[in-house]
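J.: Predicted model and sequence below, questions to follow.
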Amino acid sequence: MKEKQSVKELQPYVVNPIVCSVKLDANEGSKDLFKDLVKQLGEEFYLNVYPDDSYIDLKKSISNYVGCEISNICVGNGSSELLDLCIKTFVDRDELILSLDPSFAMYSIYAKIFDTKYMGAESEDDFVINADKFIHAIKENNPKVTIICNPNNPTGSMIKKDDVIKIIKSTDNIVIVDEAYMEFGDESVVEEIENYKNLIVVKTLSKAFSMAGIRTGYLLACEELVKTVEKVRPPYNLNSISAFLATKALEEKDKMIAYAKGIKKEREKVYKSLKDMNVKAFPSGANFLFFHSDIKNLEEKLVKEDVLIRKFGGKLDNHYRVTIGSEDENNEFIKAMKKFV
Ligand code: PMP
């Protein structure tokens, strides 16, 4: 089989198959938050027809939640699909995508698939992002698309809204701000989409809305950019069950807001516990904490305690990411950690 060269060089994205009762490896949300919505599908929900490709009900819910116009929205099969569509839409072969290093692994994977160049601008000590240095990297390298993950995955680092705006203003090319975790932070730039015609904000229901299973994300931008991305979006890209459930969840945003508030409180508790154990955790604006530990085989040791977290390798050897779960789950994680420090 003769796959194209860029795919030949690619390794499949392997999801950790280990199962533990306390699952804190993938930044997922609460299993209870919207579990009752499934019942609303009811007997009148027909599966024989394609979804409404205008996704108007879902877009109305998103528009109420975000405070934007319907024409500012494009929906997708997870924010993953929208990132993929943006790269297909805006970056030609051999043009450059600039992001942060470290950041969400899929950005560089998409770059590879589409045969574009990719560069991650290094962060400062403790994974702090220096906006002026980042702008310098933009000026020097003139990326066709810049992707900022804010709060950043896996580090949890936040960039202040004013700095994000400075970055957007520093180039006429597209700047994508991936706000997958912004419900746990407070520096969103969604209200700026009409002010900056090169700004795209990508969001998801997988995190604070706790609906990773329905694979629903959305993109927000000025009408012209949305129309351009729409040219590349396949018809019916989001299935009708997901579109229905996402619409209902967004109508109950207060539930999500209360949940996110609880997670932020738990995040501070876990952060303090790690600090008390002399484990170096980094400040986070997301539903996870990134930390450094020299404990040998920490991930394997925690698995034996039935707790799953995410370990990193290469340049990030001895670094780990733990999702902030329910109070009980977080306590289980802290209890297990205490056995090894
Ligand atoms: N962006 C970031 C920063 C993420 O961490 C993730 C998922 N882990 C995604 C996008 C993709 O999320 P989804 O496709 O579930 O919307």
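T.: Yes, it's here.
J.: who touches E223 in this structure?
T.: E223 makes contact with 69, 71-72 under the criterion C-beta atoms under 8 Å, 6 or more residues apart in numbering. Bear in mind the C-beta positions are built from the backbone N, C-alpha and C, glycine included.
J.: Just the pLDDT at it, thanks.
T.: In this model, E223 is scored at 98, pLDDT.
J.: Tell me the spacing between it and V91.
T.: Going from E223 to V91 by C-beta to C-beta, to the nearest Å gives 21 Å.
J.: cool, R310 as well?
T.: From R310 to V91 the distance is 28 Å (C-beta to C-beta).
J.: again with S79
T.: S79 sits 17 Å away from V91, going by C-beta to C-beta.
J.: And the helices in the stretch 101-250 of the chain?
T.: Ranges of helices in the stretch 101-250 of the chain, per DSSP state H, counting those that start in this stretch, are 106-113, 131-141, 161-169, 223-230, 240-251.
J.: List the contacts of the residue in the stretch 51-200 of the chain that the ligand sits nearest to.
T.: The minimum distance from the stretch 51-200 of the chain to the ligand, using C-beta to the nearest ligand atom, falls at G78 (2.7 Å). Applying C-beta under 8 Å, 6+ apart, one finds that G78 lies in contact with 204, 206, 215-217.
J.: The ligand next: which of those residues are close?
T.: Near the ligand, judged by C-beta under 6 Å from any ligand atom, the entries from the contacts of G78 are 204, 206, 217.
J.: Contact residues of the stretch 1-150 of the chain facing the ligand?
T.: Neighbours of the ligand within the stretch 1-150 of the chain, by C-beta under 6 Å from any ligand atom: 27, 78-80, 104, 149.
J.: rerun at 5 Å
T.: 78-80, 104, 149 (C-beta under 5 Å from any ligand atom).
J.: follow-up on the earlier one: out of the ones next to the ligand among the contacts of G78, which are inside strands?
T.: Taking DSSP state E as the definition of strands, the ones next to the ligand among the contacts of G78 contribute 204, 217.
J.: Whether stretch 315-326 contacts the ligand - can you check?
T.: No: Stretch 315-326 stays clear of the ligand (C-beta under 5 Å from any ligand atom), getting no nearer than 10.1 Å.
J.: End to end on that stretch, go ahead and measure it.
T.: 30 Å (C-alpha to C-alpha, to the nearest Å).
J.: Identify the residues contacting it?
T.: For stretch 315-326, contacts defined as C-beta under 8 Å, 6+ apart pick out 22-28, 30, 102, 154, 263, 266-267, 270, 287-294, 298-299, 309-312, 330, 333.
J.: hang on, the earlier thing: who wins for neighbours among the contacts of E223?
T.: Ranked by neighbour count (other C-beta atoms under 10 Å), the contacts of E223 have N72 at the top, with 23 neighbours.
J.: dump the residue contacts of it.
T.: N72 touches 63, 193-194, 220-223, 226, counting by C-beta under 8 Å, 6+ apart.
J.: returning to that earlier point: dump the contacts of G78 to a markdown table, plus pLDDT.
T.: As requested, these are exported to a markdown table (pLDDT from 0 to 100):
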| residue | pLDDT |
| --- | --- |
| T204 | 98 |
| S206 | 98 |
| R215 | 98 |
| T216 | 98 |
| G217 | 98 |
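J.: Give me the nearest residue to T89, chain neighbours excluded.
T.: In this structure, T89 finds its nearest non-sequential neighbour in V232, 4.7 Å apart by C-beta to C-beta, 6 or more residues apart in numbering.
J.: How about G185?
T.: In space, and not counting its chain neighbours, G185 is closest to G285: 3.3 Å by C-beta to C-beta, 6+ apart.
J.: With A212 instead?
T.: Using C-beta to C-beta, 6+ apart and skipping residues adjacent in sequence, the residue nearest A212 is S206, 3.9 Å away.
J.: Which residues are in contact with that neighbour?
T.: 28-29, 78-79, 180, 212, 215-217.
J.: Of those residues, select the buried ones using a ChimeraX command.
T.: Here is the ChimeraX command that selects the buried residues among those (16 or more other C-beta atoms under 10 Å):
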select :28,29,78,79,180,212,215,216,217
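J.: Just the ones in strands from the contacts of S206, please.
T.: Per DSSP E, strands hold the following members of the contacts of S206: 216-217.
J.: Reformat the contacts of S206 as TSV; add distance to A249.
T.: Converted to TSV, the contacts of S206 look like this (distance: C-beta to C-beta, whole Å):
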residue	distance to A249
E28	15
G29	11
G78	15
S79	15
A180	16
A212	12
R215	13
T216	9
G217	13
